[in-house]
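Colleague: show me the folded form of this:
(chains A and B)
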Amino acid sequence: MVFSSHLFLFYFLPASLALYYLSPRWLKHLTLTAVSYVFYGWANPLFVVLMFISTLIDYLCGLALVGQLRPSAWHDSPGLLPAGQPRTRSQRWVLAISMVSNLALLGFFKYANFLACNYTALVESLGLTGLGLEGVFKVTLPLGISFYTFQSMSYAIDVYRGDAMAIRNPIDYWCYVAMFPQLVAGPIIRFQDVAEQLRQRTHTAEKFARGIAFLGLGLGKKILLANPCGKVADMAFDAGSVGCGDAWFGAVAYAFQIYFDFSAYSDMAIGLGLMLGFMFAKNFDSPYRSHSITEFWRRWHLSLSTWLRDNLYFPLGGNRKGVLRTHVNLAVVMLLGGLWHGASWNFVIWGALHGLMLILERLGGQH
Amino acid sequence: MLGLSSPQSGAGLIGGLVYQPYYVGSMLLAAIVVWFCPQTWDFTRTVTWKKALWITAVSWMAIVAMTTQDFNPFIYFIF
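Modeller: Numbering: from 1, shown residues only, chains lettered A, B, ... in the order given. Presented below is the predicted three-dimensional model:
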């Protein structure tokens, strides 16, 4: 189900909002979780099982990290680990379980086809045709798996670091992972950013009105700007042969398409969140007004950039281990960030190019 | 691949498709919105009646246009 569709705008959204607002306060999160699972399962009900498994693992990991797997232990402490203190061996194992399980899910469903394809190409180039995996299996990519695995993983990481309290109410946690405004394409919401809102939030006319405004403008950006530009890009890219000017026109059209596609989605996600009482952080900050690539990555897909910075760049050492290591860290983060966007070599090259540009800008004094 | 050879004959036909007034107008409007319009975040901080009318008009145009367009999911849905 797509936000910019009649089914969503005229049927699913009104019904969901009605059910949500008619539900008593104690039932709202369950209602929201249920409609979110319907939203997600609309494309393929089997995808729901995967998301459920990922959510369950991290919910249990969160409790295990604070030693509160048994409900009888819940009154012992608030479920918040002291920040900056060393962790026990079992806590490190629990975090590892969370990360390995989420990355394994993501790795298999997103990259299995890519790896099989490259393996087959390699063995065929070596003349070992019979060892290829072409056509042996084909894995379907579940919608939004890149987002909800990262989001779910970030919860366990935040609890481990002592940045967030472990959540005890399973419905609240399922709601955090599955809520439909951000489920399929972000923003990747850090648990600590919404923990308080899950406990209590206001539902005001001003918030709802602002939410409708976000939704309307996002819909306009998608239908009136992104889609026509996308049509131009598709025509140019699909042409067997194009002249120089036409090729550039198509490339510029594609640049506008991805800009407004993502801006529109971010607006609509924030708008839907506001209509449900949630205030999500800004995820898109006019990136084409940037004056450098460094600035660009502080404006484009903010939630992903922040996630990669906090959970990959900083743990690798950030810029604290010398110039060469800083550049290596930047390259690794951008390569993996590129790969996150898609399982193909053009995404890896795209990530590598951006990593190179960031490094060159650092060498030139831009930070 | 690097644009060092001439395009095949017939390549000019693509111009008849992509340079239609609707598409050129959309691209120009896109450029104006990207570089000159306020962000949605700032524009919606306070929703006045004037802004509400403007947003309603944009929404209605989008809904009408939606009925004439092919299904086109968000690009990020492939991630």
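Colleague: tell me which helix or strand residue A:188 sits in.
Modeller: Counting by DSSP states H and E, no helix or strand carries residue A:188.
Colleague: nearest residue to it other than its sequence neighbours?
Modeller: Nearest-residue entry for residue A:188: residue A:303, 4.2 Å, with adjacent residues in sequence omitted and distances by CB to CB, 6 or more residues apart in numbering or on different chains. Backbone N, C-alpha and C define where each C-beta goes, glycine included.
Colleague: what sits against that neighbour?
Modeller: Residue A:303 makes contacts with A:186-190, A:281, A:283, as judged by CB atoms under 8 Å, 6 or more residues apart in numbering or on different chains.
Colleague: ok, now how distant is it from residue A:110?
Modeller: Look at residue A:303 and residue A:110: by CB to CB, to the nearest Å, they are 19 Å apart.
Colleague: list the buried ones in the helix ranked longest in chain B?
Modeller: Ranked by residue count and defined by DSSP state H, the top helix of chain B is helix B:49-66. By 16 or more other CB atoms under 10 Å in any protein chain shown, the buried positions in helix B:49-66 come out as B:51, B:55, B:58-59, B:62-63, B:65-66.
Colleague: same thing with stretch B:30-45?
Modeller: Buried residues in stretch B:30-45 (16+ other CB under 10 Å): B:30, B:33-34, B:40-41, B:43-44.
Colleague: so which of the residues you listed are in strands?
Modeller: Residues of those located in strands (DSSP state E): none.
Colleague: I'd like those as CSV, with pLDDT and distance to chain A appended.
Modeller: Below are the buried residues of stretch B:30-45 laid out as CSV (pLDDT from 0 to 100; distance: CB to the nearest CB, whole Å):
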residue, pLDDT, distance to chain A
B:30, 95, 4
B:33, 95, 7
B:34, 94, 5
B:40, 93, 5
B:41, 92, 6
B:43, 92, 7
B:44, 93, 4
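Colleague: picking that back up, between the contacts of residue A:303, which is nearest chain B?
Modeller: Nearest to chain B among these is residue A:186, at 7.3 Å by CB to the nearest CB.
Colleague: do the helix or strand bottoming out on mean pLDDT in chain A and chain B meet?
Modeller: Within chain A, no helix or strand scores below helix A:191-199, which has a mean of 87 by mean pLDDT, DSSP states H and E. No: Helix A:191-199 stays clear of chain B (CB under 8 Å from any CB of the partner chain), getting no nearer than 16.0 Å.
Colleague: remind me which residues of the chain are low pLDDT?
Modeller: You didn't pick a chain, so chain A it is. Within chain A, the stretches with pLDDT under 70 are A:73-78, A:134-136, A:366-367.
Colleague: let's do chain B instead
Modeller: In chain B, residues with pLDDT under 70: B:1-12, B:71, B:76-79.
Colleague: what residue is smack in the middle of it?
Modeller: Nearest to the geometric centre of chain B sits residue B:26, at 5.0 Å (CA atoms, centre = their mean).
Colleague: show me what contacts that residue?
Modeller: So residue B:26 contacts A:224-225, A:228-229, A:232 (CB under 8 Å, 6+ apart).
Colleague: let's see it at 7 Å
Modeller: Going by CB atoms under 7 Å, 6 or more residues apart in numbering or on different chains, residue B:26 touches A:225, A:228-229.
Colleague: what do you get for residue A:339?
Modeller: Applying CB under 7 Å, 6+ apart, the residues contacting residue A:339 are A:347-348, A:351.
Colleague: show me where the stretch 1-150 of chain A has helices.
Modeller: Listed in chain order, the helices found in the stretch 1-150 of chain A under DSSP state H, counting those that start in this stretch are A:6, A:13-22, A:28-41, A:45-65, A:89-125, A:145-161.
Colleague: compare the ones you listed and give me the one nearest residue A:356.
Modeller: Using CB to CB as the measure, helix A:89-125 is the one of the helices of the stretch 1-150 of chain A that comes nearest residue A:356, at 22.3 Å.
Colleague: helix A:145-161 and that closest one, what's the angle between them?
Modeller: 150 degrees (axes from the mean of the first three to the mean of the last three CA atoms, to 10 degrees).
Colleague: which strands and helices sit next to helix A:89-125?
Modeller: In this structure, helix A:89-125 makes packing contacts with helix A:45-65, helix A:145-161, judged by 3 or more CB pairs under 7 Å, 6 or more residues apart in numbering or on different chains; DSSP states H and E.
Colleague: related to what we said a few turns ago, what subset of the contacts of residue A:303 is buried?
Modeller: Neighbour-count burial (16+ other CB under 10 Å) applied to those gives A:186-190, A:283.
Colleague: correct me, but residue A:39 touches residue A:181?
Modeller: No: the criterion here is CB atoms under 7 Å, and residue A:39 misses it with residue A:181 at 9.5 Å.
Colleague: just to be sure, which of the contacts of residue B:26 are found in helices?
Modeller: Counted as lying in helices by DSSP H, out of the contacts of residue B:26, are A:228-229.
Colleague: including neighbour count and distance to residue A:273, could the contacts of residue B:26 go into CSV?
Modeller: As requested, these are exported to CSV (neighbours: other CB atoms under 10 Å in any protein chain shown; distance: CB to CB, whole Å):
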residue, neighbour count, distance to residue A:273
A:225, 25, 22
A:228, 25, 27
A:229, 26, 26
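Colleague: redo the contacts of residue B:26 as TSV? Include distance to chain B.
Modeller: Converted to TSV, the contacts of residue B:26 look like this (distance: CB to the nearest CB, whole Å):
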residue	distance to chain B
A:225	5
A:228	4
A:229	6
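Colleague: just how off-centre is stretch A:218-234 within its chain?
Modeller: The chain centroid and the centroid of stretch A:218-234 are separated by 22 Å under CA atoms, centre = their mean, to the nearest Å.
Colleague: could you pull out the buried residues of it?
Modeller: A:218-234.
Colleague: backbone phi and psi for residue A:242, please?
Modeller: phi -130, psi 150 (degrees, to the nearest 10).
Colleague: tell me the most buried of the helices and strands packed on helix A:89-125?
Modeller: Neighbour counts (mean count of other CB atoms under 10 Å in any protein chain shown) averaged over each of the helices and strands packed on helix A:89-125 peak at helix A:145-161, with a mean of 24.
Colleague: give the other helices and strands that that one contacts.
Modeller: With contacts taken as 3+ CB pairs under 7 Å, 6+ apart, helix A:145-161 sits against helix A:45-65, helix A:89-125, helix A:170-178, helix A:191-199.
Colleague: pick the most deeply packed of these.
Modeller: Of all the helices and strands packed on helix A:145-161, helix A:170-178 has the most neighbours on average by mean count of other CB under 10 Å, namely a mean of 22.
Colleague: tell me which other helices or strands that one touches.
Modeller: helix A:28-41, helix A:45-65, helix A:145-161, helix A:191-199.
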